[in-house]
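# Sequence and predicted model, in that order:
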Amino acid sequence: MTVPEFLTWAAAQPDGRYELVRGEVVAMAPERAQQNLAKLAAARALGDAVGRAGLPCTVFTDGMTVVIDSETSREPDAAVQCGGAVDPEATILQAPLIVVEVSSPSTERGDTGDKLVEYFSVPSIRHYLIIKPEKSVVIHHARNEAGETATRILSTGELVLDPPGMTVAVRPLLTSGKV
């Protein structure tokens with residue numbers, strides 16, 4: 001299946017969430033309360049940072065699609081896209097700058113492996129945050145203009161996300177994810 005075929009198919013499904021991985025439909029598992037709250041905390045923290053910095057960016061929660069290639073699309077738990085007006089009918093993020101996955105024991109391998117490679121194959125993505133509520137850490141993968149990637153693991157302090165030019169406190173990304 002191609003991404004356009006998948007998006008048409010997914011829109012016709014009565015319920016459930018799916019991703020397309022190498023042409024195959026993959027059902028996303030139901031999430032626990034901790035994961036849902038951590039996703040909400042991430043979106044709030046990113047939204048607060050965008051607001052403080054006065055940036056022309058939009059923060060999205062899960063449900064938006066990031067196209068990796070013609071046969072793979074992912075649905076990050078949160079994302080930030082900057083510039084331009086948002087098409088209210090869009091289901092695809094055209095140029096995401098920041099993507100976030102809230103990792104759980106069942107998704108950790110994919111979040112730290114395949115998705116890391118896939119997300120950084122998208123030219124616009126400069127930051128990939130993996131939030132691990134069970135371990136109270138945020139893993140920040142950042143790609144610079146030369147294409148080099150650096151990784152930081154944080155449980156306190158601040159994340160500087162440049163571009164777009166904002167700072168996010170780590171604790172709010174973690175504390176709301178605890179139940």
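Ah, there it is. Numbers count the residues shown, from 1 in each chain.
# Where does pLDDT dip in this structure?
Low-confidence segments of the chain (pLDDT under 70): 176-179.
# which helix is the longest one in it?
The longest helix of the chain (DSSP state H) is helix 33-53.
# Tell me how far that helix lies from the chain's centre.
11 Å (C-alpha atoms, centre = their mean, to the nearest Å).
# now for that helix, which elements pack on it?
Here helix 33-53 touches strand 57-61, strand 78-82, strand 96-102, strand 127-132, strand 166-169, helix 170-175, going by 3 or more C-beta pairs under 8 Å, 6 or more residues apart in numbering; DSSP states H and E. All C-beta atoms are positioned from the backbone trio N, CA, C, and that covers glycine.
# Format those as JSON lines; extra columns: distance to residue 17 and mean neighbour count.
As requested, the helices and strands packed on helix 33-53 are arranged in JSON lines below (distance: least, C-beta to C-beta, whole Å; neighbours: other C-beta atoms under 10 Å):
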{"stretch": "strand 57-61", "distance to residue 17": "12", "mean neighbour count": "20"}
{"stretch": "strand 78-82", "distance to residue 17": "15", "mean neighbour count": "24"}
{"stretch": "strand 96-102", "distance to residue 17": "14", "mean neighbour count": "26"}
{"stretch": "strand 127-132", "distance to residue 17": "18", "mean neighbour count": "24"}
{"stretch": "strand 166-169", "distance to residue 17": "25", "mean neighbour count": "18"}
{"stretch": "helix 170-175", "distance to residue 17": "22", "mean neighbour count": "20"}
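# nearest to residue 155, of those?
helix 170-175 (6.6 Å; C-beta to C-beta).
# List of residues touching that closest one?
Residues outside helix 170-175 that contact it (C-beta atoms under 8 Å, 6 or more residues apart in numbering): 38, 41-42, 44-45, 48, 129, 131, 133, 136-138, 154-159.
# Which members of those residues are classed as buried?
Burial by neighbour count, judged by 16 or more other C-beta atoms under 10 Å, picks out 38, 41-42, 44-45, 129, 131, 133, 136-138, 154, 159 from these.
# Out of those, which two sit at the greatest distance?
44 and 137 (18.5 Å).
# For residue 96, see how far away the closest residue to residue 42 other than its chain neighbours is.
Counting by C-beta to C-beta, 6 or more residues apart in numbering, the nearest residue to residue 42 once its immediate chain neighbours are dropped is residue 78, at 4.5 Å. Noted for residue 78: a distance of 10 Å to residue 96, by C-beta to C-beta, to the nearest Å.
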